[in-house]
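Engineer: sequence first, then the predicted structure:
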Amino acid sequence: MDAPAGFCFFGPARRGSPAPETRALRYSQLMFDVLVYLYEHYWRPDACPDTGMLAKKLSAVGFEAEEISEALSWLTGLKEMSSQTALEQSAQSIRVFSNAELDHLGTKALGFLQFLVSAGVLTARQREIVLDRVMAVSGDPVDLEDLKIIVLMLFWSLGKEPDALILDELFVEDEDRLIH
């Protein structure tokens, strides 16, 4: 099946997705390698070949069918969340996280997510998209590096590149940073 024009990663659409707390499907950690590969090799989604060809290319470079399927399905969820219209939140609004969200994020990922919002890197709407995609991934708490990949994939799906300082924050491991 060919992807809609302008996007390379859409499989069958899921209609009426349940709330993150009730979503039965949890994607495995294996798909993150596929997501990173897509980010590194296709500068934006519309640079990708159609879904069938992309799956063949990913398989040819060594990814397993399950990893590919999960990554493409996860990206479909990202596209669906990104395309939904939502009311903008006021600057005075406060986001209250559910217990399930807090447990799934853990303190490191929650702190980093809050940092991105407070620094103006993510809008409130983008935070909700990231949170939806985090809740779709297995593992409690989610690994901070996986959260960073999710944020990168959000920017990638929007055809935007974060500024250099944020890219550094998303790519460079803390232990690899040089102190000036």
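Structural biologist: Perfect, I can see it now. Numbers count the residues shown, from 1 in each chain.
Engineer: could I get the pLDDT score of the closest residue to residue 42 other than its chain neighbours?
Structural biologist: For residue 42, ignoring the flanking residues on the chain, the nearest one in space by C-beta to C-beta, 6 or more residues apart in numbering is residue 48 at 4.7 Å. Heads up, the C-betas are built off the backbone N, CA and C, glycines and all. Looking at residue 48, its pLDDT stands at 84.
Engineer: residue 48 against residue 54, yeah?
Structural biologist: Yes: between residue 48 and residue 54 there is a contact under C-beta atoms under 8 Å: 5.4 Å.
Engineer: how many residues are close by the residue nearest to residue 42?
Structural biologist: Using other C-beta atoms under 10 Å, residue 48 has 20 neighbouring residues.
Engineer: what's the separation between it and residue 146?
Structural biologist: As judged by C-beta to C-beta, to the nearest Å, residue 48 and residue 146 stand 21 Å apart.
Engineer: what does residue 139 give?
Structural biologist: Counting by C-beta to C-beta - residue 139 and residue 146 are separated by 7 Å.
Engineer: of those two, who's got more company?
Structural biologist: Between residue 139 and residue 146, residue 146 has the larger neighbour count (other C-beta under 10 Å), namely 20 against 14.
Engineer: so that one is in which element?
Structural biologist: Following DSSP states H and E, one finds residue 146 within helix 144-158.
Engineer: just the pLDDT for the residue nearest the centre of the chain.
Structural biologist: The residue lying closest to the centre of the chain (C-alpha atoms, centre = their mean) is residue 150, at 2.9 Å. With respect to pLDDT, residue 150 scores 94.
Engineer: for it, which non-adjacent residue is spatially closest?
Structural biologist: Excluding its sequence neighbours, the residue lying closest to residue 150 (C-beta to C-beta, 6+ apart) is residue 133, at 5.0 Å.
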